[in-house]
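Asks: could you work out the structure for the sequence below:
(one chain, ligands or ions: 3)
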Amino acid sequence: MNQAVLNWIDEMAKMTKPDRIVWIDGSEEERQRLTAEAISTGELLELNQEKLPGCVYHRTAENDVARVEHLTFICTKKKEDAGPTNNWMDPEEAYKKLAGLFDGAMKGRTMYVIPYIMGVPGSPFSKVGIELTDSIYVVLNMRIMTRMGKVALDQLGESAEFVKGLHSKADLNPERRFICHFPQDNTIWSVGSGYGGNVLLGKKCFALRIASYMGQKEGWMAEHMLILGIQDPQGNVSYVAAAFPSACGKTNLAMMIPPETFKGYKVWTVGDDIAWMRVGPDGRLWAINPEAGFFGVAPGTSAKSNPNALATVQKDTIFTNVVLTPEGTVWWEGMGVEPPAEALDWKGNPWTPDSGRVGAHPNSRFTAPARNCPSISPEWENPQGVPISAIIFGGRRAKVAPLVYQSFNWQHGVYVGAAMASETTSAATGAVGVIRRDPMAMLPFCGYNMGDYFAHWLEMGQKIPNPPQIFHVNWFRTNEAGKFIWPGFGENFRAIKWILERCAGQGKAETTAIGYVPTEDAIDLTGLDITKETMHSLLEVDPEAWQNDIANQKEFFTKFDRLPQAIEDELVSLEKRLQG
Ligand SMILES: Nc1nc2c(ncn2[C@@H]2O[C@H](COP(=O)(O)OP(=O)(O)OP(=O)(O)O)[C@@H](O)[C@H]2O)c(=O)[nH]1
Ligand SMILES: O=C([O-])CC(=O)C(=O)O
Ligand SMILES: [Mn+2]
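Replies: Ligands and ions are numbered 1, 2, ... in the order given. I've put the predicted structure just below:
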C-alpha cells in the first residue's frame, strides 16, 4: 500500500473522527450496496426502475443549491499569487480555521476513500486525486464523473503525487461552509456543503482551480471548455473547444444536432465542461475531457433543445433538485412535456403546475455517464486527445456582442477572452442577470493570479506552432421586448460552420473594429425562418455600445497589478479602431 496515502488518511481521520473508513473500489456490487444504504437513510430516493433504470433522486438542503463563490478561497502563501479576482486566505490560517470545523465532523459517520483519475487511465494528460468524504451521494456522483476505485490506485502506484481532497457535509450550516484550495500543497478542503460544484472535488476544485495552477507551472492549460467534433459529409472531423460561463450553453452546444438542411454533417461530443490542453508533437493544440460524465443543468433540457442530453439521462443517472412525480419519474421546467398534475417540488413540498412557483430549482442538475450519450465521440477516450482547430469564447449578452466574430490573431484573441462578460446565472449563489466580466469563463475557477493567467495564455501562443483560431459567439442577443432574437440550440451549428470555414481560409467576413464579422450573406441560413433585419441586428457592431463596454473593461482591469502589457495594448488599439 502507498505509504503517503495511508499517512495522509490517518491524519485526516484523526481530525474528522469517522466511525469507520471504507475504501471505494468502483465495482458494480459496491454501487448497489451504497445506493441501497442511501435509500434506506433517505439520502437518495429510488426512481421508477422500469422507466428510469439505475436512476436515483436527491434533494440538497434548501440553502445549498449552487456554488458559493464568496465562500471559495485560494490559499497561497502570498496574497498576490491568488490575485485580484480570488478570495484569499493565508494557508496556515485556513488550515487552522477549517480544522476547527472538521474536528469530529465525521463522528457517527463513515469516511469513504475515493481514489480517482481525471483523464483516461495511462494518458500523459491524466492526474490522480483522492477524495475523502462522508457522503454517499458524493461517492456515487464521483463514480459517474471520474474513473475511480482500483484503476486510480493502480495508476498512482507508490507515488506521493496526488491531489488530496477532504470533504465533510459537517452540519451543512452556510455560516460554517468553506471551499478552500491550497494549490501549493495539491490540497482541497471543502466543508459544510453537499452541492455538486462545491463537493465533487475532481471537477471545479481539481480539474480547474488546482489544474490551472499546475498547467501554468508545467506549460499546459486547464480550461472551462466543452470540446466537440464536427464531421463534414466527406467524413473529415474538426474539433473546437468553447468557453462559456456556467449555465450559458456548453452542454447544449457539445451535444448539438445540426439542422436538417445540413445533410451529412454530424456533431460528436468529446466533453461538456472542462478541457485540458497541451501542445502536441505535430505543433497543434490537443485537448482531452478529463471527466467521465456530465453534471448538467436540467431546466431547459428538452427533446427539442437537447435530445442527446435527454437520451443520456434515461438510465444510470442521479437527479438533484428536480420535480418528483407520483409515478417515480422526474420533471423540470422547459422539459417540453406536460407537467404532472401534482407532484413534489425540489424542496419536497406538494406542488402543482398552477402553484405560481417553479417545481425544479433553476440550478437543478443531472449526473449522467458520458458513455450514455448518443453523440459521444469515438475519440472521447483517446489518451492523446483531439486536435483543436478553433477556440470559442462566449457569454450571455443581451446587447453589444454580435452573434459571432473572429479575432485578428492569437494575441487579439487572448484579449477577446480576457474582456469577456456575461450575465450571471443561477449556477452560483447571488443575483441573476447582472453583467459581470468573466475572463475566459474562468473568473470563479482560476486557481492563481488572473494577470499571470493571461500571461500564460499569451505565452502558450508562442509555444503552439499551429495555434487554433480564436472566435467569440453570443446566442443571447435580445430585442426591445427582451426576447432572444437568435433561435439558438441546433441552429448554432450555422455559426460553427462559418467558424470552420474561416479556419480553412474561407468564409466571408468584413473587417470591423472588433474583428472579422460575417458579411450578411456569409452564414448559411437555408431552411431558417429569419428576417434580413434580424440578421442585421445580430451582426451589428454598435460603436457607442462598445465604447461603454470598454469603459467597464477598464474599470475591471485596473484591479490587476499583473496585467500583461499586450492586453492593455489590445484594449487601446480597439478603442482607436472604434474611434475610426
Ligand atoms: N436561448 C438560448 N438558450 C440556451 C442556448 N443554449 C443553452 N441555453 C440554455 O442555457 C441554460 C444552460 O445551458 P447548459 O448547456 O446547461 O450550460 P452549461 O454552460 O453547460 O452550464 P454549466 O453546467 O453550469 O457549466 C439552459 O437552460 C439552456 O436551455 C441557446 O443557444 N440559446
Ligand atoms: O460546478 C457546478 O456547480 C456546475 C458547473 O459546471 C458550473 O457551475 O460551471
Ligand atoms: Mn461548468
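
Asks: show me which residues of the protein sit near ligand 2.
Replies: 67, 196, 197, 203, 204, 246, 273, 295, 427 (C-beta under 6 Å from any ligand atom). (Each C-beta comes from the backbone N, C-alpha and C, glycine too.)

Asks: how about a cut-off of 5 Å?
Replies: Within the chain, the positions near ligand 2 by C-beta under 5 Å from any ligand atom are 67, 197, 204, 246, 273, 427.

Asks: just the ones of the residues you listed in strands?
Replies: Of the positions in those, not one sits in strands, assigned by DSSP state E.

Asks: mind putting those residues into a markdown table with neighbour count?
Replies: Below are the residues of the chain next to ligand 2 laid out as a markdown table (neighbours: other C-beta atoms under 10 Å):
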| residue | neighbour count |
| --- | --- |
| 67 | 22 |
| 197 | 23 |
| 204 | 25 |
| 246 | 23 |
| 273 | 26 |
| 427 | 20 |
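
Asks: can you put those residues in TSV and add pLDDT and distance to residue 176?
Replies: Converted to TSV, the residues of the chain next to ligand 2 look like this (pLDDT from 0 to 100; distance: C-beta to C-beta, whole Å):
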residue	pLDDT	distance to residue 176
67	98	17
197	98	18
204	98	20
246	97	24
273	98	28
427	95	23
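
Asks: may I ask which two of those residues are separated the most?
Replies: Greatest spacing in the residues of the chain next to ligand 2, by C-beta to C-beta: 67 and 273 (12.8 Å).

Asks: how about the strands of the stretch 401-550 of the chain, start to end?
Replies: Along the stretch 401-550 of the chain, counting by DSSP state E, counting those that start in this stretch, strands occupy 404-406, 421-423, 435-437, 469-473, 509-511, 516-518.

Asks: of the residues of the chain next to ligand 2, closest to residue 336?
Replies: Distances from residue 336 to the residues of the chain next to ligand 2, taken by C-beta to C-beta, are shortest for residue 427, at 21.5 Å.

Asks: tell me where the model's unsure across the stretch 301-450 of the chain.
Replies: Within the stretch 301-450 of the chain, not a single segment meets pLDDT under 70.

Asks: now do the contacts for whatever residue of it ends up closest to ligand 2.
Replies: Using C-beta to the nearest ligand atom, the closest approach of the stretch 301-450 of the chain to ligand 2 is made by residue 427 at 3.8 Å. Residue 427 is in contact with 66, 67, 197, 245, 246, 247, 297, 363, counting by C-beta atoms under 8 Å, 6 or more residues apart in numbering.

Asks: again, but for residue 293
Replies: Residue 293 neighbours (C-beta under 8 Å, 6+ apart): 144, 145, 146, 367, 368, 369, 370.

Asks: which one (most neighbours) among these?
Replies: Tallying neighbours with other C-beta atoms under 10 Å puts residue 146 at the head of the contacts of residue 293, with 29 neighbours.

Asks: tell me the phi and psi of it?
Replies: When read as degrees, to the nearest 10, the backbone of residue 146 gives phi -130, psi 170.

Asks: that one touches residue 292, doesn't it?
Replies: Yes - contact criterion C-beta atoms under 8 Å: residue 146 and residue 292 qualify, at 5.6 Å.

Asks: OK, contacts around residue 341?
Replies: 352, 353.

Asks: that one and residue 324, how far apart?
Replies: 14 Å (C-beta to C-beta, to the nearest Å).

Asks: which residue does the stretch 451-580 of the chain have closest to ligand 1?
Replies: residue 488 (2.5 Å).

Asks: so what's that residue up against?
Replies: Here residue 488 is in contact with 249, 475, 476 (C-beta under 8 Å, 6+ apart).

Asks: leaving out sequence neighbours, find the closest residue to residue 401.
Replies: Once flanking residues are discounted, residue 401 sits nearest to residue 474: 4.0 Å by C-beta to C-beta, 6 or more residues apart in numbering.
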